[in-house]
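Student: Could you look at this predicted model? Sequence included:
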Amino acid sequence: MDSFNHFTCIAYDTVDFLIQSKDVLFGVFLDVEKDVKNIVFNRETLPHIHIGELLERQFNCSHTGDCNVVLVMRIQDFIKEVRNDIVDYTNTAFPASGNFAISVNTSISSKIIDTSNLRLLPLGIRDQQAKCGVSAIGFSTGGKNGNILRKQILISPDYLLKKFFSTGLIKPDE
């Protein structure tokens, strides 16, 4: 199987948010306060942003369990504008490893997805949705009638954070 089929899945009640696994170093269950701007992990202080409530509000979904999962990512995978916003928001410099943490209040898993089930968005909304971090969408169906059971949304974490910062959904400290 090719690596482009491997995803980190952030599972909410009706939506699975998919991030390509190559962009996530690892995920770990940690008891981290949602408003904490940095976390110490593996003897490093990582900038930290909790995005769980943001995803729930923006995509009208609910978490499936009350857990706190931290995803550690490489900051070099993020665009420069977002890197600067993260430092401003968290008041935390990036450690030598260049790692950064986002957390969600639901479960995560690793999945292999048939990418032929994912579709680009229609041209009329594609650019606007890409600015919100949405790259593609798919639907899982089931039951006798073939009803849609879950949406699968492929997201780009850097553009998702860029949108949240630009609209004030994540407000930098003043």
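Tutor: Structure's in. What do you need? Residues are numbered from 1 along each chain as shown.

Student: Point to the residue nearest the middle of the chain.
Tutor: Relative to the mean C-alpha position of the chain, the nearest C-alpha, by CA atoms, centre = their mean, is the one of residue 157, at 5.0 Å.

Student: what's the burial count for residue 138?
Tutor: Taking other CB atoms under 10 Å as the neighbour definition, residue 138 ends up with a count of 18. (C-beta placed from N, C-alpha, C; glycine too.)

Student: State the distance from the residue nearest to the centre of the chain to residue 21.
Tutor: From residue 157 across to residue 21, the span is 12 Å (CB to CB, to the nearest Å).

Student: sorry, back to before: check the contact between the residue nearest to the centre of the chain and residue 73; I expect there is one.
Tutor: Yes - if you go by CB atoms under 8 Å, residue 157 and residue 73 touch, sitting 6.6 Å apart.

Student: which residues do those two both contact?
Tutor: Common contact partners of residue 157 and residue 73 (CB atoms under 8 Å, 6 or more residues apart in numbering): 23, 102.

Student: part of a helix, is residue 58?
Tutor: Yes - counting by DSSP: H, G, I helix; E, B strand; the rest coil, residue 58 is part of a helix.

Student: what ranges of the protein fall below the confidence cut-off?
Tutor: Across the chain, residues meeting the criterion (pLDDT under 70) sit at 1-4, 32, 141-143, 146, 148, 169-174.

Student: Let me see the ranges of the helices in it.
Tutor: Taking DSSP state H, the helices of the chain run over residues 52-59, 80-90, 123-131, 157-167.

Student: Which of the ones you listed sits closest to residue 37?
Tutor: helix 80-90 (4.1 Å; CB to CB).

Student: so how far is the closest one from its chain's centroid?
Tutor: Between the centre of helix 80-90 and the centre of its chain there are 16 Å (CA atoms, centre = their mean, to the nearest Å).

Student: Which other helices and strands does that helix contact?
Tutor: Secondary-structure packing of helix 80-90 (3 or more CB pairs under 8 Å, 6 or more residues apart in numbering; DSSP states H and E): strand 44-50, helix 157-167.

Student: List the buried residues in the last one.
Tutor: By that I understand helix 157-167. Within helix 157-167, the residues scored as buried using 16 or more other CB atoms under 10 Å are 157-165.
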